[in-house]
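*Asks:* fold the following.
(4 chains)
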Amino acid sequence: MILTEFVDIALLALLAITGLALLKIRDLVAVVMLGGIYSLLCAGLFLVMDAPDVAITEAAVGVGIATVLLVGALTLIEREERPSQHSRALPLVVVLFTGAMLTYGILDVPPFGEADNPVQEHVTPRYLEEQEEEIGVENVVTAVLASYRGYDTLGETTVIFAAGIGVLLLLSGRKERRAGSEEDAS
Amino acid sequence: MSRNVILRIATKVLCPNIFLFALYVQFHGDYGPGGGFQAGVIMAAGFVLYALVYGLERTQGVFPPLWGHVSMASGAFLYAGVGVVTLLLGGNFLDYNALAVDHHDGQHWGIFTVELGVLLTVFGAMISIFYAFAGRRGLD
Amino acid sequence: MTEHLPVLQVAIPMMAALVSALIPRGRVAWGWAVATCWIGLGISMLILGQVLAGGTISYELGGWAAPWGIEYRIDHVNAFVLLIVSGIGAVVAPFARLSLEREIEPSHLPRFYAAFLLCLSGLLGITVTGDVFNLFVFLEVSSLTSYTMVAMGQDRRALTAAYRYLIMGSIGATFIVIGVGLLYAMTGTLNMADLAERIPEVASTRTVPVAFGFLTVGISLKLALFPLHLWLPNAYTYSPSAATAFLAATATKVAVYVLLRFFFTVFGASFSFDVMQLDYVLLPLGLVAIFSMSMVAIFQENVKRMLAYSSLAQIGYMVLGISFASVTGLTAGILHLFNHAVIKCALFLAVGSVFYRIGSVRISAMAGVGRQMPWTMGAFVLGGFSLIGVPLTVGFISKWYLILAAIERGWWPVAGLILITSLMAVVYIWRVVESAYFQPAPGGRESAREAPLALLLPTWALIIANLYFGIDASLTTGVAIEAARALLGVGS
Amino acid sequence: MEFVFGYYNYLAVVFLMMLGFYIVVSRGNLVKTLVGLSVFQTSVFIFYISLARIRGGTAPIYVEGETLYSSPLPQVLILTAIVVSISTTALGLAIVVRIREAYGTIEEDEIDGIEYAEEVGVPDIRWS
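*Replies:* Numbers count the residues shown, from 1 in each chain, chains lettered A, B, ... in the order given. Below you'll find the model as predicted:
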């Protein structure tokens, strides 16, 4: 048990380091690779936290699809981020304030991993106890995903479809430099 | 297309196994981690690998873009269609119990079908999105 | 079959969108979309009838009882919003054919209609659901398609507008997910009714107010409440005319509805207003939004952008109505949801018709169109009257209730300010009228003539709705009062 | 000590969330913003998965002799959220590619400059 906690903390630390590196690095290829590493570490973390379904998905999506898409996009655009002239003061204030609020709020959330948390006591028990009778699959995640909350999954499928047609609409047309105003103000 | 023979042969060997693995993930979802979404992504990854090694044109010869579009729409349609069928059989929308006399059977059939729908949509959308990005370069 | 109407309302446009994406020809896809939208309007009318007759409807998706499954729950409030959204869809869809054929590539049309129908489905899905996570899922369905529709505008600035909209929208959605997660951590449930029951037990913790804050900020980003509105003006200015008219009339309205739902149903009025002192936040924000955005609207050269800023000011009116937290105030807010949808959609459609003929929506370019396109500009002027709040139009009804609500609370200065801001609307509408009617048409545009009937009919349908519901407001106010009572938990 | 034991996970999530959020709002490179957005969202996913966890339990897949399972519900929600997140990234990237083609840059500052010049520089701007 202590081992799990140790791995957990180590992964979180690695995530923080990766995140900080992401913030600093300007080479976009490196940014994409770090993003992939970040996802991979997350997948590991999900596995440690007993969520293998989520881990597989995060690995497939974050490490696989997202990286392929980002690299694909980078072949179409430049690969170096230029330093910004923009003032960073306001974003920093916004982020620090948000973080402070969240920290403040999170301290009253029931402690991590206890069996008597509301999350474990309400709604969840039925899934774990009645599922075998009501649905009858081994993997309770599948039961909740496809049946108890099957309608959410239909929505999720629709979101993917929406993204698909969105990308097709944007990228399948003629490749023309759109007429900006300077060009055709005759 | 890559000139590297080892890469090409490795791809030839890998691709069928990737598809096999995708199917395993798809149908193993009831017993272990996995399901339509993960399987769809893995299957699309197989084609992406093929395209990276053999080129976009050849991949589109094997799997034309239109199939991707059809797969993307028909998967979600299949999913929602299950809902409509359960309506017609007298249940609520997506109430799989209405699909069979024994509710375990109904749930199994329902889950199987919607997972298939998810697989089709995810696979189709991922392939279409990949083609769209990869094809954009060719238009230069 | 009638008991399944709630889910059919959402599932029909969703499935129709999937089909539409595969239709090879734009015209066919358009007919398909129009038919779908009209069926949707019929369903929403039936649902409103059911709610008026029998009270709240609950529908268990998958046959699983809430809170284990997802529940659709429809009372007066969302039945009314359903009618608004599907009604606007049913009017914009017929308009879309000519307008879109001019503004986007023919090969894109079927997929564009698919995006349109999905957006409709998403907005309707947000409105009917009684589950906070399901709300997020459908929010994303509508958002992703909105970004797409905005990006399809002709001007390249449509792309940057869509990108900013996407980033701000995703931040908003993530904030909502954080808020939902905090609530879930405290209560273990996602069902709105169940949350409403369980939140009071934990309301004194520090987590619930923070969840409240994250949800409020997240939703405010979506509804473009000042000062979180920066994504909106360009998104409305550069997207295709039909998309602007649809989004302006529905997307922000649904976000206002979500805000109402969280404030009054999930957290409860006493928590939102007595504990969180929300009125002291919303009232100034609403007033500043009305003032500053009306002021900015006055100085716009592009009519679409002007109307976009005007929309931001109108959102201020709705928020003002909510901030009163009284039956009259909420009635005003909910009425303005309907009224502003009808007003703004009519105005954007009229502007879309002008663009169809003269290819520009700049005030200077619209010189002389008053004579060349009398019916179109007539519609614009009447819509403008309604926006200002002239009696016998719907705009007057909502202003009337808003002022009543202000007086009821004894806030006389606010009532006065509402009157003054109406005068600002006079100024910006007048600028267009002056250019259209009192300036000669520039040379080389003699050929401009009245917009085709296919564009005029939808526009005028909305103008007639403006006048009809302005003269006989018994239906809309009746529903709005019931809705306000339902939200505040006051018996009727 | 007990406090650290019960909350380190949540606090780490807050830190990661702030990192991602900062990358998003500091308005630099459009691609990096999208990566930041997914870091921001992923940190929220970790929060949900932490909520589901039960100490000494296992994954919610039935195993002989095991009685303590972590909650499946947050895991299902996050599966959905991951899909939504990748969909947003894909669409965002498509828009970025088009922006690159139309403006020749993907730096927020430069785009702002171009648009500003466009709006102020030429008085009679045709809308399309």
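
*Asks:* mind telling me what element the residue in chain B that chain D sits nearest to is part of?
*Replies:* When scored by C-beta to the nearest C-beta, chain B has B:Ile129 as its residue closest to chain D, at 5.2 Å. In short, each C-beta sits where N, CA and C put it, glycine included. Assigned by DSSP states H and E, B:Ile129 falls within helix B:103-138.

*Asks:* kindly report the same for A:Gly105.
*Replies:* Assigned by DSSP H and E, A:Gly105 falls in helix A:89-106.

*Asks:* list the helices and strands that helix packs on?
*Replies:* For helix A:89-106, the packing partners by 3 or more C-beta pairs under 8 Å, 6 or more residues apart in numbering or on different chains; DSSP states H and E come out as helix C:157-187, helix C:207-223, helix D:2-25.

*Asks:* next, count neighbours for A:Asp27.
*Replies:* When neighbours are counted by other C-beta atoms under 10 Å in any protein chain shown, A:Asp27 registers 12.

*Asks:* before we move on, what about B:Pro16?
*Replies:* Residues near B:Pro16, counting by other C-beta under 10 Å: 10.

*Asks:* in chain B, which helix or strand is least confident?
*Replies:* Using mean pLDDT, DSSP states H and E, helix B:5-28 stands out as the lowest-scoring helix or strand of chain B, at a mean of 86.

*Asks:* for C:Gly181, give me its contacts.
*Replies:* Applying C-beta atoms under 8 Å, 6 or more residues apart in numbering or on different chains to C:Gly181 gives the contacts D:Val44, D:Phe47, D:Tyr48, D:Leu51.

*Asks:* can you check C:Val288 too?
*Replies:* Applying C-beta under 8 Å, 6+ apart to C:Val288 gives the contacts C:Phe226, C:Gly316.

*Asks:* any idea of the angle the helix or strand hosting it forms with helix C:207-223?
*Replies:* Assigned by DSSP H and E, C:Val288 belongs to helix C:279-298. With axes from the mean of the first three to the mean of the last three C-alpha atoms, to 10 degrees applied, the angle from helix C:279-298 to helix C:207-223 works out at 10 degrees.

*Asks:* and the following helix or strand past helix C:279-298, how far from the chain's centre?
*Replies:* Past helix C:279-298, heading to the C-terminal end, the next element that is a helix or strand (DSSP H and E) is helix C:303-324. In terms of C-alpha atoms, centre = their mean, to the nearest Å, the centre of helix C:303-324 is found 11 Å from the chain centre.

*Asks:* going by proximity to chain C, name the top residue of chain D.
*Replies:* Closest approach between chain D and chain C, counting by C-beta to the nearest C-beta: D:Ala102, at 3.9 Å.

*Asks:* surely that residue is in contact with C:Leu159?
*Replies:* Yes: the pair formed by D:Ala102 and C:Leu159 meets the contact definition of C-beta atoms under 8 Å, at 5.9 Å.

*Asks:* of those two, which one has the most company?
*Replies:* C:Leu159 (27 against 21).

*Asks:* for the more buried one, give me its contacts.
*Replies:* Contact analysis of C:Leu159 by C-beta under 8 Å, 6+ apart lists A:Arg178, C:Ala151, D:Ile95, D:Arg98, D:Ile99, D:Ala102.

*Asks:* do a quick rundown of the helices in chain A.
*Replies:* Counting by DSSP state H, chain A has helices at residues A:2-24, A:28-48, A:52-58, A:66-74, A:89-106, A:118-121, A:124-134, A:140-143, A:150-171, A:181-184.

*Asks:* same question for chain D.
*Replies:* Under DSSP H, chain D gives helices at D:2-25, D:30-52, D:72-103, D:108-121.

*Asks:* lowest average pLDDT across these?
*Replies:* Ranked by mean pLDDT, the helices of chain D bottom out at helix D:108-121, which scores a mean of 80.

*Asks:* buried residues in it?
*Replies:* Neighbour-count burial for helix D:108-121 flags D:Glu108, D:Asp109, D:Ile111, D:Ile114, D:Glu115, D:Glu118 (criterion: 16 or more other C-beta atoms under 10 Å in any protein chain shown).

*Asks:* of those residues, which ones also sit close to chain C?
*Replies:* Checking those against chain C by C-beta under 8 Å from any C-beta of the partner chain, the ones in range are D:Ile111, D:Glu115, D:Glu118.

*Asks:* quick check, nearest of those to chain A?
*Replies:* Distance to chain A across these (C-beta to the nearest C-beta) is lowest for D:Glu118, with 5.2 Å.

*Asks:* tell me the contacts of the residue in the stretch 101-250 of chain C positioned nearest to chain A?
*Replies:* Scanning the stretch 101-250 of chain C for proximity to chain A using C-beta to the nearest C-beta identifies C:Val210 as nearest, at 2.6 Å. Counting by C-beta under 8 Å, 6+ apart, C:Val210 makes contact with A:Met101, A:Leu102, A:Tyr104, A:Gly105, A:Ile106, C:Leu182.

*Asks:* right, and chain D sits closest to which residue of chain A?
*Replies:* A:Pro111 (2.9 Å).

*Asks:* gap between that residue and C:Thr252?
*Replies:* According to C-beta to C-beta, to the nearest Å, A:Pro111 and C:Thr252 sit 40 Å apart.

*Asks:* ok, those two, which is more surrounded?
*Replies:* Between A:Pro111 and C:Thr252, counted using other C-beta under 10 Å, C:Thr252 has the larger neighbour count: 26 against 15.

*Asks:* find the nearest non-adjacent residue to that one, please.
*Replies:* Closest residue in space to C:Thr252, ignoring its immediate chain neighbours: C:Leu223 at 4.9 Å, by C-beta to C-beta, 6 or more residues apart in numbering or on different chains.

*Asks:* and stretch B:78-89, C-alpha only, in PDB?
*Replies:* This file holds the C-alpha atoms of stretch B:78-89, laid out as PDB (Å, rounded to 0.1, in the frame of the first residue of the first chain):
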ATOM      1  CA  LEU B  78     -26.400   2.600 -34.900                       C
ATOM      2  CA  TYR B  79     -26.100   3.800 -31.300                       C
ATOM      3  CA  ALA B  80     -29.100   6.100 -31.500                       C
ATOM      4  CA  GLY B  81     -30.800   3.400 -33.600                       C
ATOM      5  CA  VAL B  82     -30.600   1.000 -30.600                       C
ATOM      6  CA  GLY B  83     -32.400   3.700 -28.700                       C
ATOM      7  CA  VAL B  84     -35.200   4.000 -31.300                       C
ATOM      8  CA  VAL B  85     -35.500   0.200 -31.500                       C
ATOM      9  CA  THR B  86     -36.000   0.000 -27.700                       C
ATOM     10  CA  LEU B  87     -38.600   2.800 -28.000                       C
ATOM     11  CA  LEU B  88     -40.500   0.700 -30.600                       C
ATOM     12  CA  LEU B  89     -40.300  -2.400 -28.400                       C
END
